[in-house]
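coordinates only, sequence not included:
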């Protein structure tokens, strides 16, 4: 059984910063790409940022220059540091990871339960 657990969400004023963390645990052989997505009320889930095992990153235009994604392969964790937050960043943020389990023949995408980020104006 593989599990992703997020932490670090909360309420912050516009212009402030937050750091989200996500830890993968369970029967894991290796983790390919990891990433963060978000879903605002009434909107579809959208990509925020992704990072490969080798550290290559990809950001949504809305995140470029403000957010930084990082990972620790030894600890199976991925972080998202968010600076200069805006009210439009308010959403539930989800961790995602492409994980190769110890007993599976193919990697599988896993999602965390989500963590709320609210940015007040």
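Ah, there it is. Note that this is a predicted model, so its numbers are computed, not measured. Numbering: from 1, shown residues only.

what residue lies at the spatial centre of the protein?
Nearest to the mean C-alpha position of the chain, counting by C-alpha atoms, centre = their mean, stands residue 36 at 2.6 Å.

tell me the bridge partners for that residue.
Counting by DSSP bridges, residue 36 is bridged to residue 49, residue 95.

please report how far it lies from residue 108.
Applying C-beta to C-beta, to the nearest Å, the value for residue 36 to residue 108 is 18 Å. C-beta here means a position set from N, CA and C on the backbone, and glycine is covered the same way.

swap in residue 30?
Applying C-beta to C-beta, the value for residue 30 to residue 108 is 12 Å.

where do the contact lists of these two overlap?
Shared contacts of residue 30 and residue 108 (C-beta atoms under 8 Å, 6 or more residues apart in numbering): 99-100.

which SS class is residue 88?
What DSSP: H, G, I helix; E, B strand; the rest coil gives for residue 88 is helix.

who's in contact with it?
Taking C-beta under 8 Å, 6+ apart as the test, what residue 88 contacts is 40, 62, 119.

so what pLDDT did the last one get?
Turning to residue 119, the model gives it a pLDDT of 98.

so it is in which element?
Following DSSP states H and E, one finds residue 119 within strand 115-120.

who touches that strand?
With contact meaning C-beta under 8 Å, 6+ apart, strand 115-120 is reached by 6-14, 16, 18, 20, 38, 82, 85-93.

which of the residues you listed are buried? Put it as a ChimeraX command.
Per 16 or more other C-beta atoms under 10 Å, the buried members of the contacts of strand 115-120 correspond to this ChimeraX selection:
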select :6,8,9,12,18,20,38,82,85,89,90,91,92,93
